[in-house]
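Asker: Could you work out the structure for the sequence below:
(2 chains)
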Amino acid sequence: MAELKNILLVEDNPKDLELTLEALERSQLANDVVTARDGAEALDWLFCRGPHAGRDTGDPAVVLLDLKLPKIDGLEVLERIKSNDELRHVPVVMLTASREESDLVRSYDLGVNAFVVKPVAFHQFFQAIKDLGMFWAILNEPRPPRPRPGSMKVIEA
Amino acid sequence: MTRSQTDQPAPLDHIDLTACEQEPIRIPGTIQPHGILLVLEPGELKLLQASVNADILFAGGVNAALGKPLARCWDDVDPALLDDLEQRVPENGIAHLRQIRANERSFSAIAHRAGESVILELESAEGESGSLDALYPRIRAFVDDLDGIPSTEELCAAAASHVRRITGFDRVMVYRFDDQWNGTVVAEDRNDRLPSYLDLRFPASDIPAQARELYRLNRLRLIPNAVYRPVPIVPTDNPQTAAPTDLSFSVLRSVSPVHLEYMQNMGTPASMSISVVVEGALWGLISCHHAEPLQVPIHVRTACDFLGQVVAMQVAARSRSIEAAERVERQRIQTKLLAFMAAEEQFIHGLTRHADELLSLADAAGAAVVFDGACTLLGETPDEAAVQAIVAWLSEAPDHDDVFHTDSLVTEMPDAEAFAEAASGLLAISISQLHPSYVLWFRPETIRTVTWGGDPRKPAQPEPGATRLHPRTSFEMWKETVRLRSRPWTRAEIDTADTLRNAIVGIVMRKAEELAQLTDELRRSNKELEAFSYSVSHDLRAPFRHIVGYAELLRESDAIQSNERNRRYVETIIDSAFSAGRLVDDLLGFSQMGRATLMPVRVDMDRLVGEVRRILRPETKNRKIEWRIGDLDPTWGDPSMLRQVVQNLLSNAIKYTGRRDEAVIEVRSERTPEETIYSVSDNGVGFDMAYVDKLFGVFQRLHRMEDFEGTGIGLANVRRILERHGGRTWAEGKVDKGATFYFALPHQARE
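Answerer: Reported below is the predicted structural model:
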């Protein structure tokens, strides 16, 4: 059985982070979640450099990427991933508060795999996160995910 | 751009007169018979040539005298005359040397130089006495009169009257040339023996160019009797030059037979003319006529010449002061027009709303302003189609300057004959480089501004056709000359038009710059607004999402679940935050609507309404609604925006019929020549028409929040979408009887 890949969650807002992690937790996904609080951190982790040089984990199953981020914003992170031969295949889901058409168009131009506007109601948000996790996790797994024993492991990048 | 003198077509019956142009009028070889002409070699006063009537002076006859000094062939010659001839002949011009007697007759001895020769003329002065001194009081009276005379017309009238008083002619008139050398009689003084020619007009050909030049050089010419036999000069050629002697300054010079015929036809055997030469150019003539032969003595002629020069100086001074006054007046009008233009929101209205100023600026009868596709006609103009044709013609001609002027449009633009009556004269300025925009001034055909036929002063006429050479015929010829021609534009008028043009072009350019600046500012503020709403969309939604998120998590906790009141509190928090979030979403949607790019395509409205009804299905759960959907005409628009319109209106219809047991919602369409009108009617709570204006405003609500929820942005959005499509929306309603909302989209050219 292939080892479950991580989910990389890039989110600067602590409340959004908490709510998203709660949603992922409730989705009963077996994958570990790696969190990054800005675009630079996310890129360091993805490219195994800086503090993450030589990390033993592989590429994530999916990157859940907020659009507005400190240091390097979500669109630029997306662009770096999609323009890198090693990482291009990693699915990226834009998870954003924005309904701006320009963001949407730009994201698709850069090769985003999905674009989700965070719903206001938590139950809807929860459903969205669950759907996302299931979809991308199943895509990268040879078999359906199984409930994992114990709580989800959250690694801070 | 006015036509020059030379290319005027000669009227058919005009050949004899134009032939005058070739006549050798300076060397006719003959003199009039009222005197004797001698051509002398200046040194020894040897006789070179003589008129054959000089034989009365020479005992041995003229031929014997030729080649001899005057003192040796003229027996009783006055020695004082010989002294005068040696000493007093001026380098330029003529000199009245003295009165002499010869062969028992009195003569005025007049001399001047012609080339290397001296010409002595002995003009018959029988029965005359008098001197320039005697005339002095009259000349002085004239000069004194001038002070109180304001206009050139009155000056001319005074000159005519004084010349007549001094000379005793039956009629003295002042004849003035225009730019084309056509003449008009502008003043006249006469008795009843000769008819009035006041206001008569004569074509340029009446006085041929070389005659005019002679008038300019030799300011005074006298014909005491037009019925005369010319006296030949012998020999024909001056031995000094082997050519005929130039008689330009001769007082006895014989004149053209054509002219003599003309004089006889006028019934005026005696005539005299005094040239009025203003600043080196022939301005006009003081023309004197007598019904009988009349000899005017040399001293009287000298006085008349002086008078003519006084007139010329006065004319020059007056025309300069008139010119200055006109310039000041034009400046004043132009300043006014500029102020009008500055005051108007559309600067061009500064011209179109002040016809009087615009017309008087160029002294025109009509004007047209063609700007931005609009054509405004002022005063007497051709119709709009003709004006547009002129503008098209002007803008197509590549060689037209910024200022175009002509006093005969038809010679430049053949189609113009149709509207020559109002627009023979055209002065036009181009006021935009990009579009064919012009200010045009029109002048009518001159012929229409002159009356002759009904003139009570019309002279008694011989039967028509009796002769070509008569003032009556001249007037007919003049009419031919000025046909399809207007009064010409003066340099000052053309310059003023040019100045106005520069001012307008300046305004147009400044407006364009202002517009560009405004566009820049708008673009900048639009960008700022975009940045603002972008950050709002991210940052303002987040807190509401957090409130709802945490509250929902809290709701699941045992402490809340077990307490009904606590649960209600949490529900209220969630609801409030939820609706606040939706409000933000709606507002952002509204602001995006103004910016989003329109992607118009053909829209199948039947399908669109069907889709919207499916979307709205959750809202119609447990409702009994009768849908009456007609066959809807397709239209042209941005499908996602139109979907919002339909969704809004249908959703409203569903919402406001919520209290009906059985709701009826009807959707219809109607095609008019201009647009397709769609309507959504319901039998809901309706509204009071008094508030209809508020319906489509942002945050305008006609119902209490607890009755019908909503953010108050929906209809504002509907209106904005329609406006972006160039369409419109409106509503009708009655309280408790339902409402009908309409929206109309214009037909597209592509449809």
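Asker: any idea what sits nearest residue 26, other than its immediate chain neighbours?
Answerer: Since no chain was named, I'll use chain A. The spatial neighbour of A:R26 that comes closest, neighbours along the chain excluded (CB to CB, 6 or more residues apart in numbering or on different chains), is A:F126 at 6.1 Å. Glycine gets a C-beta too; all of them are placed from N, C-alpha and C.
Asker: nope, chain B
Answerer: Excluding its sequence neighbours, the residue lying closest to B:R26 (CB to CB, 6+ apart) is B:S248, at 4.9 Å.
Asker: Surely B:R582 touches A:P119?
Answerer: No. Proximity of B:R582 to A:P119 does not meet the contact threshold set by CB atoms under 8 Å, at 10.8 Å.
Asker: name the element the closest residue to chain A within the stretch 401-550 of chain B belongs to?
Answerer: Among the residues of the stretch 401-550 of chain B, B:G549 lies closest to chain A, at 4.0 Å counting by CB to the nearest CB. Secondary structure here is read from DSSP states H and E; on that basis B:G549 sits in helix B:541-555.
Asker: ok, now B:E493?
Answerer: helix B:491-539.
Asker: Likewise for B:W636?
Answerer: Applying DSSP H and E as the criterion places B:W636 in strand B:635-637.
Asker: what are the pairing partners of that strand, and which direction each?
Answerer: Using DSSP bridges, the neighbouring strands of strand B:635-637 in the sheet come out as strand B:601-603 (antiparallel).
Asker: so how far is the partner strand off the chain centroid?
Answerer: When C-alpha coordinates are averaged (CA atoms, centre = their mean, to the nearest Å), strand B:601-603 and its chain have centres 51 Å apart.
Asker: pLDDT on that strand, on average?
Answerer: In this model, strand B:601-603 has a mean pLDDT of 88.
Asker: Skip ahead from it and say which helix or strand is next.
Answerer: Moving toward the C-terminus from strand B:601-603, the next helix or strand (DSSP H and E) is helix B:605-615.
Asker: for the most centrally placed residue in chain B, phi and psi?
Answerer: Nearest to the geometric centre of chain B sits B:W441, at 2.8 Å (CA atoms, centre = their mean). Backbone geometry at B:W441, expressed as degrees, to the nearest 10, gives phi -120, psi 140.
Asker: Show me the beta-bridge partners of it.
Answerer: With DSSP bridges as the criterion, the beta-bridge partners of B:W441 are B:A367, B:L427.
Asker: Quickly note the distance from the residue sitting furthest away from the middle of chain B to B:R568.
Answerer: Note on chain B: the largest C-alpha distance from the chain mean falls to B:S562, namely 94.2 Å (CA atoms, centre = their mean). Computed as CB to CB, to the nearest Å, the B:S562 to B:R568 distance reads 13 Å.
Asker: cool, and B:Y678?
Answerer: When CB to CB is the yardstick, B:Y678 and B:R568 sit 43 Å from each other.
Asker: Among these two, which residue is more densely surrounded?
Answerer: Neighbour totals were compared for B:Y678 and B:R568, and B:Y678 leads with 26 against 11 (other CB atoms under 10 Å in any protein chain shown).
Asker: can you give me the strands for chain A?
Answerer: Counting by DSSP state E, one finds strands in chain A at the ranges A:7-10, A:33-36, A:62-66, A:92-96, A:114-117, A:154-156.
Asker: how about a markdown table for these, with mean pLDDT added?
Answerer: As requested, the strands of chain A are arranged in a markdown table below (pLDDT from 0 to 100):
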| stretch | mean pLDDT |
| --- | --- |
| strand A:7-10 | 91 |
| strand A:33-36 | 90 |
| strand A:62-66 | 90 |
| strand A:92-96 | 88 |
| strand A:114-117 | 86 |
| strand A:154-156 | 73 |
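Asker: Any idea how far the longest helix anywhere in chain A is from the middle of the chain?
Answerer: For chain A, the helix with the greatest residue count under DSSP state H is helix A:122-140. Mean-position distance between helix A:122-140 and its chain equals 11 Å (CA atoms, centre = their mean).
Asker: again, but for stretch B:73-93
Answerer: Distance of stretch B:73-93 from the chain centroid (CA atoms, centre = their mean) equals 60 Å.
Asker: Contacts for it, please.
Answerer: B:40, B:42, B:45, B:47, B:57-60, B:64-65, B:70-71, B:95, B:97-98, B:100-102, B:109, B:111-113, B:118, B:120, B:249 (CB atoms under 8 Å, 6 or more residues apart in numbering or on different chains).
Asker: related to what we said a few turns ago, from the contact counts, what lies against the helix holding B:E493?
Answerer: helix B:298-343, helix B:355-361, strand B:403-406, strand B:425-432, strand B:437-443, helix B:564-595 (3 or more CB pairs under 8 Å, 6 or more residues apart in numbering or on different chains; DSSP states H and E).
Asker: could you give the mean pLDDT of it?
Answerer: When the per-residue pLDDT values of helix B:491-539 are averaged, the result is 82.
Asker: hang on, the earlier thing: send me the helix or strand that the strand holding B:W636 is followed by as CSV with only the CA atoms.
Answerer: For strand B:635-637, the succeeding helix or strand toward the C-terminus, using DSSP H and E, is helix B:639-656. The C-alpha trace of helix B:639-656 is given here as CSV (Å, rounded to 0.1, in the frame of the first residue of the first chain):
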residue,chain,number,x,y,z
PRO,B,639,-26.4,35.8,-21.2
SER,B,640,-25.1,35.7,-17.7
MET,B,641,-26.3,39.2,-17.0
LEU,B,642,-29.7,38.6,-18.5
ARG,B,643,-30.0,35.5,-16.4
GLN,B,644,-29.5,37.7,-13.3
VAL,B,645,-32.3,40.0,-14.5
VAL,B,646,-34.7,37.2,-15.1
GLN,B,647,-33.8,35.4,-11.9
ASN,B,648,-34.3,38.6,-10.0
LEU,B,649,-37.7,39.4,-11.4
LEU,B,650,-39.0,35.8,-11.2
SER,B,651,-37.6,35.5,-7.7
ASN,B,652,-39.3,38.7,-6.7
ALA,B,653,-42.6,37.5,-8.3
ILE,B,654,-42.3,34.3,-6.3
LYS,B,655,-41.4,36.2,-3.1
TYR,B,656,-44.2,38.7,-3.3
